[in-house]
Every structure is written in C-alpha cells, then in structure tokens.
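*Asks:* no sequence for this one, just the structure:
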C-alpha cells in the first residue's frame, strides 16, 4: 500500500472520529462527558460548554474533510498539525483539572500524536510534487520568484 493511500485512510479515520465525537457532545453531552476524562460534571448549566466543544470538533472535522475531498493534501497536512494542538489542549485541560491521567494520555495525547504523525507523513508525501508541464511543454518553475522573472 502506498504512503498516499495510508495517509488518506488515516486522515479519513481522524475525520470520522472527530466528527463522531463532536456530534456526541452536541446530541448528548451528559452521557459523553464522562469519557472526556474530567472528574465531574460542570456545576450549573455546564452542558452548554460541552456543546461548544462538540461544535468545535465538528467544524474541525469538516475542515479536514473538505481539504481531503478537494485534494489539497499539503494544506491537509498543515491543518492536521495545527488541529493536533486542540487535542493536546484537551489533554492539558484534563490533567490540570485532576481528571483521568489514563484518558488524558490514552485518548487525548495519543490522538494528538497520531494527528501529528499523519500530518508529517502527508507533508513528506507532498514535499516534492513534480512540476506540471506548461502549455508549450516546458516545466513550470516551482519557485514563485522564478515564475515572475520568466514572465517579465
């Protein structure tokens, strides 16, 4: 199996996982919250904050999905790297509030680290994209400055 196919399968798995998890927080935050790793339900009307987390996750998944479907693979790699920060932030939040260390590390840290690995693999896959030939058959330069000089 090629690196591109592996990266695509991993990215699709992240998209589905994040979309599922976010949707669960929107539809039933009270039953999903215990799996997040925090030690207790927020006092008062804390459910609204959990829905915010769910909306965040759904939007993150949709951004990744759009980049995957439209073939913007380099941008997909960058966004995976950036979105991993949200999962590392979730890990830090669980640890800072004396939540489950196992969940913080086994869910949030593992997810974030796998996102970083997938993002880096996609960046590696896309780092040496071959230049497409121009209409006259000559290769198009990859350096934007060279393209400007050529047109001048």
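*Replies:* Here it is on my side, so go on. These numbers come from a predicted model, not from an experiment.
*Asks:* how much space between residue 16 and residue 26?
*Replies:* To residue 26, residue 16 is 16 Å away according to Cβ to Cβ, to the nearest Å. C-beta coordinates here come from the backbone N, C-alpha and C atoms, glycine included.
*Asks:* Find the nearest non-adjacent residue to the residue positioned nearest the centre of the chain, please.
*Replies:* Nearest residue to the geometric centre of the chain (Cα atoms, centre = their mean): residue 80, 3.5 Å. Once flanking residues are discounted, residue 80 sits nearest to residue 119: 3.3 Å by Cβ to Cβ, 6 or more residues apart in numbering.
*Asks:* Likewise for residue 41?
*Replies:* residue 33 (6.3 Å).
*Asks:* what are the phi and psi angles of that neighbour?
*Replies:* phi -50, psi -40 (degrees, to the nearest 10).
*Asks:* That one is in contact with residue 40, isn't it?
*Replies:* No: look at residue 33 against residue 40 with Cβ atoms under 8 Å: they stay out of range, at 9.3 Å.
*Asks:* Which residue of these two possesses the greater neighbour count?
*Replies:* residue 33 (20 against 11; other Cβ atoms under 10 Å).
*Asks:* And stretch 100-110, end to end?
*Replies:* For stretch 100-110, the first and last residues are 14 Å from each other (Cα to Cα, to the nearest Å).
*Asks:* quick one: average pLDDT of that stretch?
*Replies:* Mean per-residue pLDDT for stretch 100-110: 95.
*Asks:* Also stretch 37-54?
*Replies:* Per-residue scores along stretch 37-54 average to 80.
*Asks:* how long is that stretch from one end to the other?
*Replies:* Using Cα to Cα, the two ends of stretch 37-54 sit 15 Å apart.
*Asks:* what residues does it touch?
*Replies:* Stretch 37-54 is touched from outside by 21-27, 29-30, 32-33, 36, 93-94, 97-100, 102-104, 107-108, with contacts defined as Cβ atoms under 8 Å, 6 or more residues apart in numbering.
*Asks:* ok, of those, which come out buried?
*Replies:* 21-26, 29, 32-33, 36, 93-94, 99-100, 103-104, 107-108 (16 or more other Cβ atoms under 10 Å).
*Asks:* This completes my enquiry, with thanks.
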